[in-house]
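Asker: 3D model of this:
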Amino acid sequence: MIIHNICESLLFNNSVVAMGMFDGVHCGHTALLNFLTDKAKISGGESVVIAFSYPKSKKFCLTTSNEKREILCKMGIDCLIEMELDEEFKKMQPVDFIEKILVDKISTKHIIVGYDQRFGRDGEGNIETLQQHSSVFGFTVEQAPEFRMEGNKVSSSVIRQALLAGDVDNANRLLGYNYIIEGTVIEGKKNGKKIGFPTANILPDITKLIPASGVYAVETNTKYGHFSGMLNIGVNPTINPANKKISIEVNIINFDRDIYNENISVTFKKRLRDEKRFKNIEQLVQQVKLDREETLRLCKMAR
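Answerer: Purely as a prediction, here's the structure:
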């Protein structure tokens with residue numbers, strides 16, 4: 001069950017609740033949510049996740065609303081409640097959030113709290129706030145075990161930094177899956193076609209974080225199936241020296257279908273190199289051929 005806005009009280013008998021941004025739904029989030037669903041099963045209750053999200057103006061998100069929803073729903077939770085962090089919500093006192101949302105709307109009986117949990121106005125609410133009001137409102141509070149990878153905390157901010165540096169290897173490891181960009185294929189300048197490597201220009205959701213400029217080995221998912229691909233994020237300096245606008249273009253290997261205005265997704269496997277300006281088109285073509293060989297090699301190894 002997915003609820004976009006809580007307008008009425010929900011009929012839960014024994015709800016076990018976790019809340020947070022869950023941006024990226026990374027390994028740390030997965031551990032917390034597995035803990036949540038296990039607790040709900042043991043208690044015979046309902047597992048409920050409150051997923052906060054920023055308004056559409058907020059950028060640099062690891063997952064769009066649709067992506068986050070899809071991942072969370074695959075985790076076996078009973079109810080996903082989506083709440084946008086609008087101006088009204090930002091002004092809500094922590095105790096009001098506890099009473100009006102957790103108690104009145106969700107009938108919370110048990111709350112699972114992750115580390116550094118914050119909620120309410122200016123993030124003033126925390127685990128201590130919940131514990132202080134638990135007996136008054138009749139719920140219990142439990143902190144999930146801290147999740148670390150190789151001794152380090154896993155956080156959405158660390159993953160964002162890795163992607164902005166082009167370190168998709170580390171980002172994918174912390175996410176627990178390969179980073180994905182989905183978008184509509186739009187009309188481009190067809191520069192790739194002119195040099196023998198036609199590309200699909202992708203227009204992603206405005207909130208989505210775009211990794212550092214460069215060339216990446218990716219897997220492209222279309223309605224016609226999965227194909228290996230070379231993805232370029234950048235300004236195409238060899239062909240368009242004066243261009244300043246960044247584009248996201250994928251050369252889908254062994255693919256010749258018309259997919260304009262269709263949605264496709266690219267899954268990042270490896271960063272191959274920086275984007276650079278070559279002396280001439282011939283040098284660019286030679287490098288792209290090498291990129292293609294490396295992409296095919298990497299994608300074959302991944303299968």
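Asker: how near is the residue nearest the centre of the chain to residue 125?
Answerer: Nearest residue to the geometric centre of the chain (C-alpha atoms, centre = their mean): residue 63, 2.3 Å. To residue 125, residue 63 is 24 Å away according to C-beta to C-beta, to the nearest Å. Just so you know, the C-beta spots here come from the backbone N, C-alpha and C atoms, and that holds for glycine as well.
Asker: same question, residue 108
Answerer: Residue 108 is 14 Å from residue 125, by C-beta to C-beta.
Asker: comparing those two, which shows the higher neighbour count?
Answerer: residue 108 (26 against 21; other C-beta atoms under 10 Å).
Asker: got a list of contacts for stretch 90-105?
Answerer: 6, 8-10, 17, 50, 108, 111, 119-122, 124-125, 129-130, 133, 137-139 (C-beta atoms under 8 Å, 6 or more residues apart in numbering).
Asker: grab the nearest non-local neighbour of residue 188.
Answerer: The shortest distance from residue 188 to any non-neighbouring residue, by C-beta to C-beta, 6 or more residues apart in numbering, is to residue 201 (3.8 Å).
Asker: what sits against that neighbour?
Answerer: Residues near residue 201 by C-beta under 8 Å, 6+ apart: 185, 186, 187, 188, 247, 248, 249.
Asker: which strand residues bridge it?
Answerer: residue 186, residue 249 (DSSP bridges).
Asker: local confidence estimate at it?
Answerer: With respect to pLDDT, residue 201 has a value of 93.
Asker: next one: phi and psi at residue 139?
Answerer: phi -130, psi 160 (degrees, to the nearest 10).
Asker: name the element the closest residue to residue 29 other than its chain neighbours belongs to?
Answerer: Leaving aside its sequence neighbours, residue 29 sits nearest to residue 22 (C-beta to C-beta, 6+ apart; 5.2 Å). Applying DSSP states H and E as the criterion places residue 22 outside every helix and strand.
Asker: ok, now which ones touch residue 22?
Answerer: Per C-beta under 8 Å, 6+ apart, neighbours of residue 22: 29, 49, 51, 52, 63, 68, 72.
Asker: ok, and for the top helix by length along the chain, which residues are buried?
Answerer: If you go by DSSP state H, the chain has its longest helix at helix 281-302. Using 16 or more other C-beta atoms under 10 Å as the test for burial, helix 281-302 gives 284, 287, 288, 291, 292, 294, 295, 298, 299.
Asker: ok, now how distant is the residue nearest to residue 188 from residue 259?
Answerer: Taking C-beta to C-beta, one finds residue 201 at 11 Å from residue 259.
Asker: any shared contact partners between the two?
Answerer: residue 185.
Asker: low-confidence ranges, the stretch 101-250 of the chain, go.
Answerer: Applying pLDDT under 70 to the stretch 101-250 of the chain picks out residues 190-192, 194, 237, 241-242.
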